[in-house]
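Asker: Mind looking at a prediction? Sequence and model below.
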Amino acid sequence: SQQGEEDPQALSIQEGENATMNCSYKTSINNLQWYRQNSGRGLVHLILIRSNEREKHSGRLRVTLDTSKKSSSLLITASRAADTASYFCATDAGGNTPLVFGKGTRLSVIA
Amino acid sequence: EAQVTQNPRYLITVTGKKLTVTCSQNMNHEYMSWYRQDPGLGLRQIYYSMNVEVTDKGDVPEGYKVSRKEKRNFPLILESPSPNQTSLYFCASSSPTGGGTGELFFGEGSRLTVL
C-alpha cells in the first residue's frame, strides 16, 4: 500500500523558530492530510489539502502540495513549546481505499 | 461532545486469553478503522469498515477479528493473543467526503500488553 514518508524523522528547534516537515508519497492521491500526536495520545487532525490545491493555511500552519513531485510540506511558524509532538502525513487515494499514514516526524521545541 | 471512546485504555493479559477492545463513536460516522502503533513502524491499519456489516482487511489483519453490527460500534477481537500483539491500539472514525476517507477522529488509545 502507498505510504507517506516524512522527513526528517526528528527535528529539534528553539521556541520562536519555524519548523518544516516534509512528506513524500508514491502513487496518485485524492487528498493528503496532516495529523499531530502528543506522546501516547490519540492523533488529532490538523489540515487536509486536496490534490487540486497547492497551498493551504490554518493559523500558524501552512501546508503545500506538489503533486508532480509527489510531496507535501508542513510549516509551523513561530513555534511554541506546546507544539512538541509527532506529526504524521496521511495519503488518501479516494474511493474505498483506506487512509495510509507515514511513520511521522518527532518535533521538539525547546523553550 | 463528539468523541471516539475506546475501552479498556490499559490492559495486561496472558497469551491465549481472548479479549475484546471496544470502540464507540457518537458522530454517526460511516467509516471506522483500527490501527496499531509500534515504535519505528508508525501506524498500521488492522481492519476498517465503510458501513454497517461491511468490513475489510487492512495491512496487518492476522490474529484479529472485527464486527460492525451497529453504526456506532466497532469492536476489535483478539481470539488468542500473542506477545507480538503487544502494542498501542487506536480506533478512528470519519464521515467520508469528496470521494475519500475524510478527516479521521481518533480515540485516546488502548495500550495492550500480552505476556
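Answerer: That came through fine.
Asker: switch to C-alpha atoms for all contacts and neighbour counts from now on
Answerer: OK.
Asker: Which parts of the chain are strands?
Answerer: Just going to use chain A. A:5-7, A:10-14, A:19-24, A:31-37, A:44-50, A:55-58, A:61-66, A:71-76, A:85-92, A:100-101, A:105-110 (DSSP state E).
Asker: meant chain B, my bad for not saying
Answerer: Listed in chain order, the strands of chain B (DSSP E) span B:4-7, B:10-13, B:19-25, B:31-38, B:42-51, B:54-57, B:65-66, B:76-78, B:87-94, B:105-106, B:110-114.
Asker: tell me the most buried of those strands?
Answerer: strand B:87-94 (a mean of 26; mean count of other CA atoms under 10 Å in any protein chain shown).
Asker: thinking again about what came up before, give me whichever of the strands of chain A is most buried.
Answerer: Compared across the strands of chain A, strand A:85-92 shows the largest average neighbour count, a mean of 26 (mean count of other CA under 10 Å).
Asker: Where does the prediction get shaky in chain A?
Answerer: In the predicted model, chain A carries pLDDT under 70 at residues A:1-3.
Asker: pretty sure residue B:44 is touching residue B:61, no?
Answerer: No. Residue B:44 is not in contact with residue B:61 according to CA atoms under 8 Å; the separation is 9.7 Å.
Asker: circling back: residue B:101: which of the strands of chain A is closest?
Answerer: Evaluated with CA to CA, the strands of chain A place strand A:85-92 nearest to residue B:101, the distance being 6.7 Å.
Asker: and the closest one, anywhere near chain B?
Answerer: Yes. Using CA under 8 Å from any CA of the partner chain, we find that strand A:85-92 touches chain B at residue A:92.
Asker: Throw the strands of chain B into TSV and include mean pLDDT and distance to chain A, thanks.
Answerer: What follows is these, written out as TSV (pLDDT from 0 to 100; distance: least, CA to the nearest CA, whole Å):
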stretch	mean pLDDT	distance to chain A
strand B:4-7	98	10
strand B:10-13	96	12
strand B:19-25	98	13
strand B:31-38	95	9
strand B:42-51	93	4
strand B:54-57	94	10
strand B:65-66	98	16
strand B:76-78	98	17
strand B:87-94	97	7
strand B:105-106	96	5
strand B:110-114	97	9
